[in-house]
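Participant: need a structure here:
(one chain, ligands or ions: 1)
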Amino acid sequence: MYGMVNRGLRAYVETRGGPEEWEQLCQATGSPVRNFVSLERYDDGATYALVGGYAERHGAPLAEVLRDFGQFWVSWVRTQGYESLLRLAGNDTLTLLRNLDGLHARIQLGYPELRSPSFHLEDGPDGALLHYRSQRAGLAPFVEGLVAGVAELFAEQVEVSLVPDGAPDHEVFRVRVLKEAA
Ligand code: HEM
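Facilitator: Sure thing, here's the model as predicted:
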């Protein structure tokens with residue numbers, strides 16, 4: 001993945017655990033890189049190893065860490081010059097989720113080798129259904145956290161849950177907006 005994701009991970013680890021924790025984590029997981037560069041691409045294994053190592057150090061379930069990191073990542077990326085791009089994609093959570101592919105397409109202009117996930121939002125009587133397709137495995141809890149981070153941007157409250165057996169070839173989340181933006 002592009003280093004931007006790993007730079008957000010570093011900010012997450014340092015915010016939650018203190019500045020020395022990143023060094024310790026890189027050492028413990030044998031990370032070949034400490035200072036990730038946003039526009040460079042790195043093996044996905046580096047990201048998985050660091051997130052897994054962090055969960056292990058804290059005795060926390062991996063899914064919980066991925067969720068927390070996802071929410072943090074959105075708040076972090078806003079500080080990296082992307083707040084206006086996010087806001088261009090919508091004025092509320094569901095509208096932004098509807099425009100996620102367009103958002104990643106814009107990002108791809110600057111990150112040509114992006115392997116974007118693909119999203120599709122379907123309206124439903126019991127909350128919207130967010131369909132998520134990716135070339136990567138194991139990131140469903142990360143998506144849940146990212147959606148929570150988007151809701152935070154609009155001061156909304158959402159409930160996101162993975163629909164068990166949602167679809168045979170991709171993942172489906174139910175997104176309920178509990179408190180809409182004022
Ligand atoms: C301006 C905000 C955003 C930026 C700059 C951004 C950028 C990126 C980048 C650089 C990657 C790495 C892909 C690669 O290197 O191949 C990525 C992956 C990803 N993005 Fe975004 N993104 C943004 C917002 C979002 C939001 C709001 C969501 C979902 C709610 C999202 C969902 C994901 C997911 C799930 C991945 C992991 C890759 C995968 O599933 O295959 N992104 N994004």
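Participant: show me which residues of this structure are close to the ligand?
Facilitator: Applying CB under 6 Å from any ligand atom, we find that the chain lies next to the ligand at 1-2, 4-5, 74, 77, 82, 85-86, 100, 103-104, 107, 111, 114-115, 117, 134-136, 139, 142-143, 146-147, 150. Using the backbone N, CA and C atoms, a C-beta is placed for each residue, glycine as well.
Participant: as a quick check, tell me the outermost residue of this protein.
Facilitator: What lies farthest from the middle of the chain is Pro125; by CA atoms, centre = their mean that is 26.2 Å.
Participant: related to what we said a few turns ago, of the residues of the chain next to the ligand, grab the buried ones for PyMOL.
Facilitator: The following PyMOL line selects those of those that are buried, judged by 16 or more other CB atoms under 10 Å:
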select buried, resi 1+2+4+5+74+77+86+100+103+104+111+114+117+134+139+142+143+146+147+150
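Participant: re the thing from before, need the pLDDT of the residue farthest from the centre of the chain.
Facilitator: Model confidence at Pro125, given as pLDDT, is 89.
Participant: check the gap between it and the ligand for me.
Facilitator: 23 Å (CB to the nearest ligand atom, to the nearest Å).
Participant: is it fair to say that residue lies in a helix?
Facilitator: No - per DSSP: H, G, I helix; E, B strand; the rest coil, Pro125 lies outside any helix segment and is coil.
Participant: in helices only, show me the residues of the chain next to the ligand.
Facilitator: Members of these lying in helices (criterion: DSSP state H): 4-5, 74, 77, 85-86, 100, 103-104, 107, 142-143, 146-147, 150.
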